[in-house]
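Model the structure of this input:
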Amino acid sequence: MKTHDAKAGWHRRTLIRLAGTLGLAALVAPGVAAAQNAVVVAHAAGINGQAVEAILKDYTAETGVKATGITMSDTDYGAKMQLAARTGNVDFDVALGVGSDVFALTKGDGIYAGIDTSGWKKETLAGMQEAKLIGDDYAVSQDTAALMVYGKALADNPPKTWGDFFDTKKYPGNRGMASGGLGVPIDIEYALIASGKDPAKLYPLDYDAAFAVLDKVAKDIVLWDNAPKGIQDLVNGDTVMTWSYAPAALSAIAAGQDIKLAAPPGTAVTRQLGVVMAKGPNGEDAGQAFFAWWFRPENQKKYTELTNYGIVVPSQEVLKQFSPEQSAYMPFSGAHPENYRTLGYDYYSAEGDLGQSNLALTLDRWNQFRAR
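Predicted coordinates for the structure are as follows:
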């Protein structure tokens, strides 16, 4: 197996308590926005973090409330939320991009505010409910598809399935795959689909079937520790095919790279949550007001555009603003929404053998495979 990076440790267990997005709430309630003069918003790094920072300027311009962003890694979120659970103190009012595992571990400690939907636009709220994205104290803040990406050499005979991805006789050349983190379950699930498993019936994972597929291509695997690196490997000719998170792939296309995309049946979608902190530095009302504004369809549209259509909350209130071409690789939309499925967070967060989570067991098996 080829690798361009050190082994990446896993960041998190996750669960699939699906959550929701919102429309407008506290901002339309008389006096709420006027009572606040600042809000602090934690967000992830990378393309989506840059998009958040850009949109924070719109919030300040529209409301007069100073909006400040804090960039957080996955491990930062875990440490910060657990500290908040222990001490009751937190230095931000809203968090976008919280891992579901972190939320699950800390939600019973009273650090997350219930979401006030009383002032939301009815159509927006109905759209969020229809998409099954609303929880009492959290909301899905992003959906990201793990797409198949291939080079122009395969354009005349493009791969169409995850079986094709692992078929090095039909498509000779190296394959790009994630080295660690939440990408590992995706590596294994795609191998399992290639073995013939129904994408709707992957859990519990059949490790023997998955690693039988991976063993056959082990010498052809080139690992990446971040999605843009995987795309660059493809462009450089180090691989002929990779899977990649949609923002990185679509950003590469926007930058003029000659690569092609596919979302075969069983394409995985990763999901993160947004929360309002009950005891943020500027008070709960500041967080509620921002949260409501953030999930307005027009702001979600801009967020989607800034992330090159790679991340979008799949509400019809948002999706209807885009053409079919624009929404082609948005999760659960485009020409074949049935090809997408949300990663099995419930399964990975559950306890498996030896008192470990199923994610820990999955990563152990992956590390054994890498060490061969």
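
In the chain, where's the longest helix?
If you go by DSSP state H, the chain has its longest helix at helix 46-63.

Any buried residues in that helix, and which?
By neighbour count on 16 or more other C-beta atoms under 10 Å, the buried set for helix 46-63 is Gly46, Ile47, Asn48, Gly49, Ala51, Val52, Glu53, Ile55, Leu56, Tyr59, Thr63. Just so you know, the C-beta spots here come from the backbone N, C-alpha and C atoms, and that holds for glycine as well.

where along this structure do the strands fall?
2-3, 38-43, 66-71, 94-98, 139-151, 175-178, 221-224, 241-245, 259-262, 267-276, 340-342 (DSSP state E).

Now for Lys301, how many residues are close by?
17 (other C-beta atoms under 10 Å).

oh, I was asking about Gly64
11.

Next, it: phi, psi?
phi 80, psi 0 (degrees, to the nearest 10).

re earlier: now the longest helix of the chain and strand 139-151, what's the angle there?
140 degrees (axes from the mean of the first three to the mean of the last three C-alpha atoms, to 10 degrees).

From Val313, how far off is Met128?
Note on Met128: its distance to Val313, by C-beta to C-beta, to the nearest Å, is 8 Å.

Those two: which is more packed in?
Val313 (30 against 27).

show me the residues around that one that make contact.
Thr21, Met128, Ala131, Leu133, Val140, Ser141, Gln142, Asp143, Phe295, Gln300 (C-beta atoms under 8 Å, 6 or more residues apart in numbering).

What does the pLDDT read for the first one?
Right, Thr21. Note for Thr21: predicted pLDDT of 28.

going forward, begin numbering at 54 instead of 1
Fine by me, first position is 54 from now on; the one you just mentioned is Thr74.

list the contacts for Ala315?
So Ala315 contacts Leu200, Met201, Val202, Tyr203, Pro211, Pro212, Lys213 (C-beta under 8 Å, 6+ apart).

List the beta-bridge partners for it.
For Ala315, the beta-bridge partners under DSSP bridges are Met201.

what sits against the residue nearest to Pro257 when sequence neighbours are not counted?
Nearest residue to Pro257, sequence neighbours excluded (C-beta to C-beta, 6 or more residues apart in numbering): Tyr400, at 6.9 Å. Tyr400 sits next to Tyr256, Pro257, Leu258, Asn411 when contact means C-beta under 8 Å, 6+ apart.

swap in Ala98?
Counted by C-beta under 8 Å, 6+ apart, Ala98 has contacts Thr124, Met125, Ser126.

Check pLDDT for those and point me to the minimum.
Ser126 (82).

distance of the nearest residue to that one once chain neighbours are set aside from Tyr398?
Distances taken as C-beta to C-beta, 6+ apart place Ala98 nearest to Ser126, at 6.3 Å, with adjacent residues excluded. Going from Ala98 to Tyr398 by C-beta to C-beta gives 21 Å.

before we move on, back to that, check the residue nearest to Pro257 and give its pLDDT.
90.

What of the one 5 residues further on?
pLDDT, the model's per-residue confidence, is 81 for Gly405.

For it, give its distance to Tyr260.
Taken as C-beta to C-beta, the span from Gly405 to Tyr260 is 11 Å.

And for Leu414?
Leu414 sits 8 Å away from Tyr260, going by C-beta to C-beta.

Leu245 and Ala263 touch, don't they?
Yes: with contact taken as C-beta atoms under 8 Å, Leu245 and Ala263 are classed as touching, separated by 4.3 Å.

can you count the residues close to Ser297?
Ser297: 29 neighbours (other C-beta under 10 Å).

next one: Asp146
30.

One more: the one 10 residues further on?
Look at Phe156: counted by other C-beta under 10 Å, it has 25 neighbours.

likewise Ser171?
9.

Next one: it from Leu178, what distance?
10 Å.

Please apply the same query to Lys160.
Taken as C-beta to C-beta, the span from Lys160 to Leu178 is 22 Å.
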